[in-house]
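Engineer: Dropping a prediction and its sequence here:
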Amino acid sequence: MKIILISLYLQNNTMLMKNILFFLITFLLICIDAYSIDILGKVYDSVTKLPIANASIFLKGTSYSTKTNGSGAFYLKVAKGMNTSLIVSHLSYEILEIDNPFENESMEIFLNERDYSLNEITISPGRFSRDKLFNAFEQQFLGNDKAGKSSIREQDDIQDIPSRLVSLFEKQLEVFPQEKIYVHTDKPYYISGEKIWFRAFLADAKSHEPVPVSRYVYVELFNSIDSLITRVKIRQEEGSYHGYLPVPEDTREGYYTIRAYTFFMQNQDENYLFTKSLYIGDPQAKTTNHVSTFDSDFDVSFCPEGGSLMLGTFCKIAFKAIKSDGLAADVSGTIYDQSGKEIREFESEHSGMGSFPFLAEKGKSYYAVCKNNDGKSKRFDLPAAVDYGYALSVTGMKDKIYVNVLKTAFV
């Protein structure tokens, strides 16, 4: 009898908790809807009446922004009580500003295509001859002293500038020789616990002849998320660099990268370093029906279009997420500034890749908190915005490709 009463009591409490939870969720949704308003509509070409995809939609002076989809539609949920205008922009069309966009339930917006025609240019002869202009340049920039006159003695010397530049470049290589390295391994695949035997060849980048400048060669092994596994330092013996990289017993199966360089090569870009991909297998994994031993770790890289994030200019940032086994990882994330203020959200669209528009402000740095399908969260810093510079932006529209030059707000 006591067991029956306890069971009935628990069933009643369970139903009560479900009712309370349903009430709280409903109340929360009502509160959110009461303090927010929806802005939605479609964007069309004013001439062809066709929808415009990838148009930027944002509220002026706020972080509320979105882009139109393939059918030209957009949707924004914003806080009530805002008094600002809606900006609609596209690289191929004139910018449109809509005052008080909160009055209409659904808007139909038409954009006018930009006119890229150039004004007529008339070329006429100048007042001064080439000889007079050259003499003025010589006196203004080179001066009348002995050093200035010896810089360019004849106008014909201008024709020798390319050859002089080549000569200076060759002289720089003689004073600061550039090294090139190549690493040859005994095979393209290994198993955990093995040794990767290799021989490194160090040569001059210009003549491809052996150079005795560096005493040591550094060889490293990295996994698919650029984490260092092992590193060795090899000294030249009998005219060559040779040795081995030990592969730890607990190394997971997958693709790995060998990187080799000298001490002087660290001053150059990473593209000058030698890299080689190879596969490391795990024999233990073969006997366990290929049960994956990879954890839920992942890495996300952010790449601004054109190479640099322009300060004060809307730029497109692409991103790619990969797991520790080198495969794509679907992620979602949120962008914050250095004070922890939420800027915008994003999520991957295909194979861990995606993009989003972003406006970097002066004096601020940004980071992203990303979460994968396993619920694991990680923080990644966004590339720092540059104060001065230019970048290319490419947009596909119908059967045309538009290439635009972006610049920072301070250029």
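Structural biologist: Yep, that arrived.

Engineer: switch to C-alpha atoms for all contacts and neighbour counts from now on
Structural biologist: OK.

Engineer: hey, what's L40 bridged with?
Structural biologist: Y75 (DSSP bridges).

Engineer: Sorry, wrong one. I was asking about H90.
Structural biologist: Y93.

Engineer: what number of residues lie near the residue nearest to S56 when sequence neighbours are not counted?
Structural biologist: With Cα to Cα, 6 or more residues apart in numbering as the criterion, S56 has its nearest non-adjacent residue at 4.7 Å, and that residue is K67. K67: 21 surrounding residues under other Cα atoms under 10 Å.

Engineer: likewise the one 3 residues further on?
Structural biologist: As a burial measure, G70 scores 12 neighbours (other Cα under 10 Å).

Engineer: How about the contacts made by Y402?
Structural biologist: L91, S92, V394, T395, G396 (Cα atoms under 8 Å, 6 or more residues apart in numbering).

Engineer: Partner strands of the strand or helix carrying it and their direction?
Structural biologist: Assigned by DSSP states H and E, Y402 falls within strand 400-407. Partners of strand 400-407 in the sheet, by DSSP bridges, are strand 390-397 (antiparallel).

Engineer: what does the strand it pairs with contact?
Structural biologist: With contacts defined as Cα under 8 Å, 6+ apart, strand 390-397 is touched by 91, 305-308, 310, 401-408.

Engineer: Skip the chain neighbours and tell me the closest residue to the residue nearest to the spatial centre of the chain.
Structural biologist: What sits nearest the mean C-alpha location of the chain, by Cα atoms, centre = their mean, is C303, with 0.6 Å. Leaving aside its sequence neighbours, C303 sits nearest to A318 (Cα to Cα, 6+ apart; 5.2 Å).

Engineer: Check which helices and strands the helix or strand encompassing that neighbour sits against.
Structural biologist: Assigned by DSSP H and E, A318 belongs to strand 314-323. Judged by 3 or more Cα pairs under 8 Å, 6 or more residues apart in numbering; DSSP states H and E, strand 314-323 is in contact with strand 298-304, strand 353-359.

Engineer: tell me the mean pLDDT for the last one?
Structural biologist: Per-residue confidence for strand 353-359 averages out to 91 on the pLDDT scale.

Engineer: Which strands or helices does it pack on?
Structural biologist: strand 314-323, strand 342-347.

Engineer: Give me the distance from it to the chain's centre.
Structural biologist: Per Cα atoms, centre = their mean, to the nearest Å, the displacement of strand 353-359 from the mean C-alpha position of its chain is 9 Å.

Engineer: relative orientation of the helix or strand just after that strand and strand 314-323 in degrees?
Structural biologist: For strand 353-359, the following helix or strand on the C-terminal side (DSSP H and E) is strand 366-372. Angle of strand 366-372 versus strand 314-323, following axes from the mean of the first three to the mean of the last three Cα atoms, to 10 degrees, is 40 degrees.

Engineer: Do a quick rundown of the strands in the stretch 151-300 of the chain.
Structural biologist: With DSSP state E, counting those that start in this stretch as the criterion, the stretch 151-300 of the chain has strands at 179-185, 189-191, 195-204, 216-222, 228-235, 241-246, 254-261, 274-281, 298-304.

Engineer: Out of those, the one nearest N54 is which?
Structural biologist: Set against N54 and scored by Cα to Cα, the strands of the stretch 151-300 of the chain come closest in strand 298-304, at 16.6 Å.
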